[in-house]
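Asks: for reference, the sequence and a predicted model appear below.
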Amino acid sequence: MSCKLLGILAVLFVSSFLIAPVALAEVAGADVTQAADHSTEKLGDLLNPIAVLPFVILLLCIALFPLLNPHWWEHNRNKGIIALVLGVPVVGYLMTFGHHGLEAMEHAGKEYVAFLLLLGSLFVISGGIYVRGALRGSPAINTMFLGLGALIASFVGTTGASMLLIRPLLRANGHRHRVAHIVVFFIFVVSNCGGLLTPLGDPPLFLGFLKGVPFGWTLRLFPQWAFVNGTLLVIFYLWDTLAVRSEAKTPEQEAALEEPLTTESFGIEGRHNFLGLAVIVAIIYSCGQGYGNAFFKQYLPGDGEVWPFGVQELLMALTTAICFLFTSRGTHEKNRFGFGPIIEVAVLFAGIFVTMIPALALLNVHGKSLGVDDPAEFFWAAGILSSFLDNAPTYLTFAATACGMYGVNTEDGRYLHHFLNLPEAAQTARILAAISCGAVFMGANTYIGNGPNFMVKAIAEENNVKMPGFFGYMAYSMGILIPIFIAVTFIFFR
């Protein structure tokens, strides 16, 4: 129990440690803003483009260090050193721009805290669910795993679906030698492309929901969802079938590969964690719908239109702590549960969130100069940038660019509602559909395109699966995903 309590305290401590400074920065930022002039200049108007260099260097470090010095890079401490060395100069540079820089850092800090607590809560809660039984990693069973993940990702989030299914999938294939391709397709389908149908599926869609997109609007993206995920499942089944045959030289060996690893009966341990996952989803949905805003407006600082920062995050942290406390140590041990993957994500994405501030600020100001004006162009522009930048602000940047084309004022908190109800509603809906698909689908192009990607990779490596490096993974995505996305362009957005 002492180890459990330490884990609980660690979760709560990290949550409070991250939330408190941002809350203080909000107060300080408000004072600074009141004292500053009311210039209409944006941060992107003031920045030197060379400010994106630390972000580029960080991406190169993530790509090259695992190849050049993998032993050094495997320690999270060393990842933290790189993130610190590249992040501190960016913070110092941004502070020279007064309230512009402070507001940008405050916004990025809040997004990072929300991002980390969402991923962390789903990671910890799902880590307490152990599915036992006679699992066998045949092509059919593996394809069913991926298909199930695609179905539930839109309703429990790509992170929730990934953390729930990756461990049983790895156990089912523990006897096989060629497993990396299974994890890569898992990232494609479950960690990304499956989460397109509701705002709960992926952070960009949730932000769109907060900006006025009706909750059920994304269900109209079912044709794109079905085409991409269906194509990926067919390709995977064929690929995995060939992989099994290459491992087995005889029919007897092939049959042996598909034999169950255990004779234990089917069952689920830690079932109370399913309730925890449901609570997390309910918290996210309630925040987006604004339930309880009257209470928060009365008792907490804020405008009453959205939950004050820290409420959703604190509720998620408490839910996670309770679920962790009531999960037995034996269940965690069977799942080989450890905090290593979420620590790796926390360290690397701390550096990413800081160093990408200049890139996003420049894009926000100069995005119109990219010449993007039709659905196909929005699909690729949002998608390519979502492959390397956080897909949530990228989605909002291109959504704001599209609104500007049609004269919709983005200062209105629900500007996307107005955008979808213009007289040109058919065209604006196609544009927003293209942005949504690009941001969600192409987060699968790289390990850093979406938060669950790195977590799934780290869990696989903890289970002795040799995963491809940054460029090796991109070889998969370029060869498999890009042709599918080209087909999506001609079928849906031309």
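Replies: Cool, the structure landed. Numbering: from 1, shown residues only.

Asks: and the strand or helix carrying Phe398, what other elements does it pack with?
Replies: Per DSSP states H and E, Phe398 falls inside helix 391-405. Here helix 391-405 touches helix 203-210, helix 357-366, helix 375-386, helix 415-420, helix 425-441, going by 3 or more CB pairs under 8 Å, 6 or more residues apart in numbering; DSSP states H and E. Backbone N, C-alpha and C define where each C-beta goes, glycine included.

Asks: can you get me a residue count around Pro70?
Replies: 10 (other CB atoms under 10 Å).

Asks: for Asn78, see how far away it is.
Replies: Distance, Pro70 to Asn78, by CB to CB, to the nearest Å: 11 Å.

Asks: overlap in contacts of these two?
Replies: Residues touching both Pro70 and Asn78 by CB atoms under 8 Å, 6 or more residues apart in numbering: none at all.

Asks: and the strands in this protein, which stretches?
Replies: Applying DSSP state E to the chain gives strands spanning 130-132, 267-269.

Asks: and the first one, what does it pack against?
Replies: Spelled out, it's strand 130-132. Counting contacts by 3+ CB pairs under 8 Å, 6+ apart, strand 130-132 packs against strand 267-269, helix 329-334.

Asks: which stretch among these comes nearest Asp374?
Replies: The closest of those to Asp374 is strand 267-269. By CB to CB, the value is 48.0 Å.

Asks: one step back: and the helices and strands packed on helix 391-405, which one averages the lowest pLDDT?
Replies: Lowest mean pLDDT within those: helix 357-366, at a mean of 79.

Asks: for it, which positions count as buried?
Replies: By neighbour count with 16 or more other CB atoms under 10 Å, helix 357-366 contains the buried residues Ile357, Pro358, Ala359, Leu360, Ala361, Leu362, Leu363, Asn364, Val365.

Asks: and for stretch 43-59?
Replies: For stretch 43-59, by 16+ other CB under 10 Å, it's Leu43, Gly44, Leu46, Leu47, Ala51, Val52, Pro54, Phe55, Leu58, Leu59.

Asks: please enumerate residues in contact with that stretch?
Replies: 82-83, 86-87, 89-90, 93-94, 97, 100-101, 103-104, 351-352, 355-356, 358-359, 361-366, 388, 448.

Asks: same deal with stretch 73-84?
Replies: 58, 61, 65-66, 72, 340, 343-344, 347-348, 350-351, 354.

Asks: narrow these to those that are buried.
Replies: Buried by 16+ other CB under 10 Å: Leu58, Cys61, Phe65, Pro66, Ile343, Glu344, Val347, Leu348, Ala350, Gly351, Val354, out of the contacts of stretch 73-84.

Asks: list the buried residues in the helix holding Phe398.
Replies: Buried residues in helix 391-405, counted by 16+ other CB under 10 Å: 391-403.

Asks: please apply the same query to stretch 94-113.
Replies: Quick answer for stretch 94-113 (16+ other CB under 10 Å): 94, 97-113.

Asks: with stretch 331-340 instead?
Replies: Thr331, His332, Lys334, Asn335, Phe337, Phe339.

Asks: show the end-to-end separation of stretch 324-340, please.
Replies: With CA to CA, to the nearest Å applied, stretch 324-340 spans 16 Å between its terminal residues.

Asks: what is the rounded mean pLDDT of it?
Replies: 88.

Asks: and Val131, how far is that from Ala350?
Replies: 32 Å.

Asks: for His175, same thing?
Replies: Relative to Ala350, and taking CB to CB, His175 is found at 37 Å.

Asks: also Pro139?
Replies: 39 Å.

Asks: do the same with Tyr291
Replies: For Tyr291, the distance to Ala350 - CB to CB - is 31 Å.

Asks: what of Leu205?
Replies: For Leu205, the distance to Ala350 - CB to CB - is 24 Å.

Asks: now Met467
Replies: Met467 sits at a distance of 22 Å from Ala350 (criterion: CB to CB).

Asks: what's the weakest-modelled helix or strand in this protein?
Replies: helix 2-35 (a mean of 42; mean pLDDT, DSSP states H and E).

Asks: picking that back up, which one of the helices and strands packed on helix 391-405 lies closest to Ala321?
Replies: Nearest to Ala321, of those and by CB to CB, is helix 203-210 at 22.7 Å.

Asks: and the angle for that closest one with helix 375-386?
Replies: Inter-element angle recorded for helix 203-210 and helix 375-386: 120 degrees (by axes from the mean of the first three to the mean of the last three CA atoms, to 10 degrees).

Asks: figure out how far helix 203-210 is from the centre of its chain.
Replies: 12 Å (CA atoms, centre = their mean, to the nearest Å).

Asks: do stretch 314-330 as well
Replies: 21 Å.

Asks: in it, which of the residues would be classed as buried?
Replies: Under the neighbour-count rule (16+ other CB under 10 Å), stretch 314-330 has Leu314, Leu315, Met316, Ala317, Leu318, Thr319, Thr320, Ala321, Ile322, Cys323, Phe324, Thr327 buried.

Asks: reformat these as a markdown table; add distance to Phe441.
Replies: A markdown table is the format used below for these (distance: CB to CB, whole Å):
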| residue | distance to Phe441 |
| --- | --- |
| Leu314 | 33 |
| Leu315 | 30 |
| Met316 | 27 |
| Ala317 | 31 |
| Leu318 | 34 |
| Thr319 | 30 |
| Thr320 | 29 |
| Ala321 | 34 |
| Ile322 | 35 |
| Cys323 | 31 |
| Phe324 | 33 |
| Thr327 | 34 |
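
Asks: among the residues you listed, which are in helices?
Replies: Using DSSP state H, Leu314, Leu315, Met316, Ala317, Leu318, Thr319, Thr320, Ala321, Ile322, Cys323, Phe324 are the members of the buried residues of stretch 314-330 that sit in helices.

Asks: okay if I get those as CSV plus distance to Phe471?
Replies: Output for these, formatted as CSV (distance: CB to CB, whole Å):
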residue, distance to Phe471
Leu314, 40
Leu315, 40
Met316, 35
Ala317, 36
Leu318, 41
Thr319, 38
Thr320, 35
Ala321, 39
Ile322, 42
Cys323, 37
Phe324, 36
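
Asks: and of those residues, the nearest to Gly270?
Replies: Cys323 (8.4 Å).

Asks: which ones are touching the closest one?
Replies: Counting by CB under 8 Å, 6+ apart, Cys323 has contacts Val124, Ile125, Gly128, His272, Asn273, Gly276.

Asks: so how far is stretch 336-351 off the chain centroid?
Replies: 13 Å.

Asks: and for stretch 151-160?
Replies: 11 Å.

Asks: please apply the same query to stretch 468-486.
Replies: On CA atoms, centre = their mean, the centre of stretch 468-486 falls 18 Å from that of its chain.

Asks: output it as PDB - backbone C-alpha positions only.
Replies: Provided in PDB are the C-alpha atoms of stretch 468-486 (Å, rounded to 0.1, in the frame of the first residue of the first chain):
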ATOM      1  CA  PRO A 468      11.300   1.500 -35.900                       C
ATOM      2  CA  GLY A 469      13.000   4.800 -35.300                       C
ATOM      3  CA  PHE A 470      11.500   8.200 -36.200                       C
ATOM      4  CA  PHE A 471      12.400   7.900 -39.900                       C
ATOM      5  CA  GLY A 472      11.700   4.200 -40.000                       C
ATOM      6  CA  TYR A 473       8.200   4.900 -38.800                       C
ATOM      7  CA  MET A 474       7.800   7.600 -41.400                       C
ATOM      8  CA  ALA A 475       8.700   5.100 -44.000                       C
ATOM      9  CA  TYR A 476       5.700   3.100 -43.000                       C
ATOM     10  CA  SER A 477       3.400   6.200 -43.000                       C
ATOM     11  CA  MET A 478       4.700   7.400 -46.400                       C
ATOM     12  CA  GLY A 479       4.300   4.100 -48.000                       C
ATOM     13  CA  ILE A 480       0.900   3.200 -46.500                       C
ATOM     14  CA  LEU A 481      -0.900   6.300 -45.300                       C
ATOM     15  CA  ILE A 482       0.000   8.900 -47.900                       C
ATOM     16  CA  PRO A 483      -1.500   6.900 -50.900                       C
ATOM     17  CA  ILE A 484      -4.700   6.400 -48.800                       C
ATOM     18  CA  PHE A 485      -4.800  10.200 -48.100                       C
ATOM     19  CA  ILE A 486      -4.300  10.900 -51.800                       C
END
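
Asks: I appreciate the help and will end here.
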